[in-house]
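# below are the sequence and a predicted model for it; my questions follow.
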Amino acid sequence: MPGKRLISIEGIAKRYPRKGEGELTIFEDLWLSIDRGEFVCIIGHSGCGKTTVLNILAGLDTPSEGVVIVDGKEISGPSLDRAVIFQGHALLPWMSVLGNVAYAVAARHRDWPKAKVREHAMRFIDLVGLGPAANRKPSELSGGMKQRVGIARALSLEPKTLLMDEPFSALDALTRGTLQDEVRRICVSSDQTVLMITHDVDEAIYLADKIVLMTNGPDAHVAEIVKNTLPRDRVRNDLHRMPGYYDLRNHLMDFLVTRSATFKDELAAGLPYDFRSPPVVVPIVTKEGAEPAPVDAKGDRVAS
């Protein structure tokens with residue numbers, strides 16, 4: 001179960017110079033904390049800076065303002081403690097499945113003999129169901145199998161944090177669902193800390209413990225952090241039968257369709273808002289025959 005804080009993103013911003021027009025602010029004043037063992041998804045429209053946030057956390061980019069603290073230390077570059085799974089598989093084409101994973105293991109454990117590296121790599125290749133394909137090259141694998149190799153390679157590092165940038169978006173629906181099941185099984189069983197970027201509301205509901213909602217860019221912010229109230233041992237085929245599922249899904253969809261674009265208008269209207277502590281929203285389960293859920297001045301439901 002999630003516990004002590006591992007990651008603290010503190011007031012980061014990302015700006016780019018524009019010739020003769022000052023700077024373009026992608027996002028600013030972004031605050032977010034992630035506990036150990038917590039699975040967090042960030043959702044927002046293209047252009048809000050989701051991938052940039054992930055790259056900053058990975059140490060592949062630097063913020064224009066603010067800092068990112070991981071395990072009590074400010075990050076200053078890439079680290080094997082923060083493994084990344086990209087949207088593309090990013091495999092070395094001349095190496096086999098085993099070679100790709102073993103390459104990462106050898107980089108992590110430079111003093112290990114080859115036999116130990118191979119044994120460790122095979123453990124994670126087997127974990128994602130690719131043992132029989134260990135000697136195949138990437139050109140001999142399907143898209144889903146390639147992504148499994150990327151997952152095995154990242155997990156073989158035994159990182160403190162797993163960073164995933166829409167890793168399933170290019171896959172067909174059946175393969176995507178299978179890999180979501182595998183990732184959830186592995187991460188929950190090992191209490192892996194995960195930050196994942198996604199456009200898929202249903203993917204976020206299935207995988208995440210909490211869902212971070214970003215407003216439209218440029219000048220994007222974190223508007224809400226939504227707590228997933230569904231049981232942590234949830235099963236995909238039962239999601240739609242669980243109390244609270246439709247409240248949660250409707251809340252996320254309403255934000256993406258409407259409020260992500262109107263949030264700036266809410267700020268311009270002078271409504272109080274603390275970016276250091278964006279509201280944690282718990283979508284309300286409305287049972288048949290119960291009193292209607294309370295709403296705020298704008299007509300939005302609020303947690304009691």
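Cool, got the structure. Nothing here was measured: the structure is a model prediction, and the numbers come from that model.
# how much space between residue 93 and residue 184?
Computed with CB to CB, to the nearest Å, the distance linking residue 93 and residue 184 is 29 Å. Where C-beta positions appear, they are placed from N, C-alpha and C, glycine not excepted.
# neighbour count winner among the two?
A direct count of neighbours by other CB atoms under 10 Å for residue 93 and residue 184 places residue 184 higher, at 20 against 8.
# how about the helices in the stretch 201-304 of the chain?
If you assign secondary structure with DSSP state H, counting those that start in this stretch, the helices in the stretch 201-304 of the chain sit at 201-207, 245-254, 260-268.
# out of the ones you listed, deepest packed?
helix 201-207 (a mean of 21; mean count of other CB atoms under 10 Å).
# show me what that helix is packed against.
Helices and strands in packing contact with helix 201-207 are listed as strand 39-43, helix 173-190, strand 193-198, helix 245-254; criterion 3 or more CB pairs under 8 Å, 6 or more residues apart in numbering; DSSP states H and E.
# which of the helices of the stretch 201-304 of the chain comes out lowest on mean pLDDT?
If the helices of the stretch 201-304 of the chain are sorted by mean pLDDT, helix 260-268 sits at the bottom with a mean of 77.
# can you tell me, leaving aside adjacent residues, what's nearest to the most centrally placed residue in the chain?
For the chain, the residue nearest the mean C-alpha position is residue 196 (1.1 Å; CA atoms, centre = their mean). In space, residue 196 comes closest to residue 164 once its chain neighbours are excluded; the distance is 4.2 Å by CB to CB, 6 or more residues apart in numbering.
# same check on residue 30?
Beyond its immediate neighbours in the sequence, the residue positioned closest to residue 30 (CB to CB, 6+ apart) is residue 12, lying 5.0 Å away.
# is the one you found in a helix, a strand, or coil?
Residue 12 falls in the strand class when you classify it by DSSP: H, G, I helix; E, B strand; the rest coil.
# that one: how many residues sit nearby?
Taking other CB under 10 Å as the criterion, the count of residues near residue 12 is 23.
# what does residue 242 give?
16.
# isn't it right up against residue 232?
No - Residue 242 sits out of contact with residue 232 when judged by CB atoms under 8 Å, with a separation of 11.8 Å.
# what helix or strand is residue 149 on?
With secondary structure defined by DSSP states H and E, residue 149 is part of helix 143-156.
# quick one: mean pLDDT for that helix?
pLDDT averaged over helix 143-156 equals 89, rounded to a whole number.
# run through who's touching it.
Counting by CB atoms under 8 Å, 6 or more residues apart in numbering, the neighbours of helix 143-156 from elsewhere in the structure are 83-86, 89-91, 97, 100-101, 103-105, 108, 120-121, 123-125, 127-130, 133, 138, 141, 162, 167-168, 170-172, 175, 178-179, 182-183, 186, 192.
# next step: these restricted to helices.
Secondary structure assignment (DSSP state H) places 97, 100-101, 103-105, 108, 120-121, 123-125, 127, 175, 178-179, 182-183, 186 from these within helices.
# tell me the contacts of the residue nearest to residue 30?
When the contact criterion is CB under 8 Å, 6+ apart, the partners of residue 12 are 27, 30, 53, 56, 63-68.
# and if we set it to 10 Å?
27-32, 49, 52-53, 56-57, 62-68 (CB atoms under 10 Å, 6 or more residues apart in numbering).
# buried subset of the residues you listed?
Among the contacts of residue 12, the ones that count as buried by 16 or more other CB atoms under 10 Å are 27-32, 49, 52-53, 56-57, 63, 66, 68.
# pLDDT and secondary structure added to those residues, as a markdown table?
Shown next, in a markdown table, are the buried ones among the contacts of residue 12 (pLDDT from 0 to 100; DSSP: H, G, I helix; E, B strand; the rest coil):
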| residue | pLDDT | secondary structure |
| --- | --- | --- |
| 27 | 92 | strand |
| 28 | 90 | strand |
| 29 | 91 | strand |
| 30 | 92 | strand |
| 31 | 92 | strand |
| 32 | 93 | strand |
| 49 | 91 | coil |
| 52 | 93 | helix |
| 53 | 94 | helix |
| 56 | 94 | helix |
| 57 | 94 | helix |
| 63 | 94 | coil |
| 66 | 93 | strand |
| 68 | 94 | strand |
